[in-house]
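# Let's see this in three dimensions:
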Amino acid sequence: MTCSAGNCQCNIGTKSACGTCLGWDFEGGNPGLWSSINVILSAASPGYNSTWALSWNHYYTNDGSSGISMQVPLCGSGGSQAIPISGISFYAKFVPDSGYGDFPNTTASKAILADANGDLQDSFTPFGGSSSWGLVSRTFTSVSASSLHINLQAMDSWSGTVYIDNVVLSP
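Numbering: from 1, shown residues only. As a prediction, this is how the structure comes out:
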C-alpha cells in the first residue's frame with residue numbers, strides 16, 4: 001500500500017472494508033503476514049515481472065503427508081472481520097532441484113476461504129507445474145471470509161522451490 005497525504009492506494013488488489021489490500025506482491029522483500037506450519041516462507045527474487053515473490057523449498061511425496069499449507073489473514077494481524085470474496089488469481093512457478101521435472105499436481109491442491117469457525121469454501125486449484133510463470137485463477141461462490149489458506153500437494157515425489165506472486169482476491 002502506498003500512502004500520500006493521508007490517501008492510501010493498493011499497489012495490487014483492491015482495498016477491503018477493513019482498510020487492507022486484497023493483494024500481495026511481496027515487494028517488501030518478506031512474506032508479510034503469510035505463514036505456514038510446515039515450510040519456511042521467504043521472499044525470493046525474481047518475482048513475476050517484479051523483484052520479489054513468496055517462495056519455499058520443499059520435498060514432496062505422493063502419500064499426502066508432505067503437502068504444504070499456508071495462510072494469510074485478510075484484515076491484517078489479529079483482524080477477524082469477514083470480507084466478501086468471489087475469486088483468486090496469482091502467478092506460480094516450480095523450479096525443480098536436479099533430477100526432478102515438472103511439478104506433479106494433484107486435486108488436493110486448493111485455495112480455501114476460511115473464518116474463525118473453519119473452512120467456508122475451497123476450490124481445486126491447479127497450480128501448473130512448470131519452471132515458467134503460469135497464471136492460476138479460480139472463482140468462488142461469493143462468501144465472506146477472514147483468511148485465505150493455500151494447500152499444495154504432489155502426486156509423485158518432487159523436490160524444488162515454489163514461487164507465487166501477485167496474489168489477488170476479487171471482492
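# bridging residues for the closest residue to Ser42 other than its chain neighbours?
For Ser42, ignoring the flanking residues on the chain, the nearest one in space by Cβ to Cβ, 6 or more residues apart in numbering is Ser55 at 5.9 Å. C-beta coordinates here come from the backbone N, C-alpha and C atoms, glycine included. In this structure, Ser55 bridges to Ser42, Tyr163 when assessed by DSSP bridges.
# Verify the stated contact: Ser55 with Gly160.
No: taking contact to mean Cβ atoms under 8 Å, the distance of 10.4 Å between Ser55 and Gly160 leaves them out of contact.
# Name the surrounding residues that touch the worst-scoring helix or strand of the chain on mean pLDDT.
Sorting the helices and strands of the chain by mean pLDDT, DSSP states H and E puts strand 2-4 at the bottom, at a mean of 75. Judged by Cβ atoms under 8 Å, 6 or more residues apart in numbering, the contacts made with strand 2-4 from elsewhere in the structure are Cys8, Gln9, Asn11.
# and if you look at stretch 95-111?
Under the contact criterion Cβ under 8 Å, 6+ apart, stretch 95-111 has outside partners 60, 62, 64, 67, 88, 94, 122-131, 138, 148-163.
# next one: stretch 118-130
Among residues not part of stretch 118-130, those counted as contacts by Cβ under 8 Å, 6+ apart are 88, 92-94, 102-105, 107, 109-114, 134, 136, 138-141, 143-145, 149-150, 152.
# Quick one, which of these are buried?
With neighbours counted by 16 or more other Cβ atoms under 10 Å, these contain buried members at 88, 92-94, 103-105, 109-114, 134, 136, 138, 140, 145, 149-150, 152.
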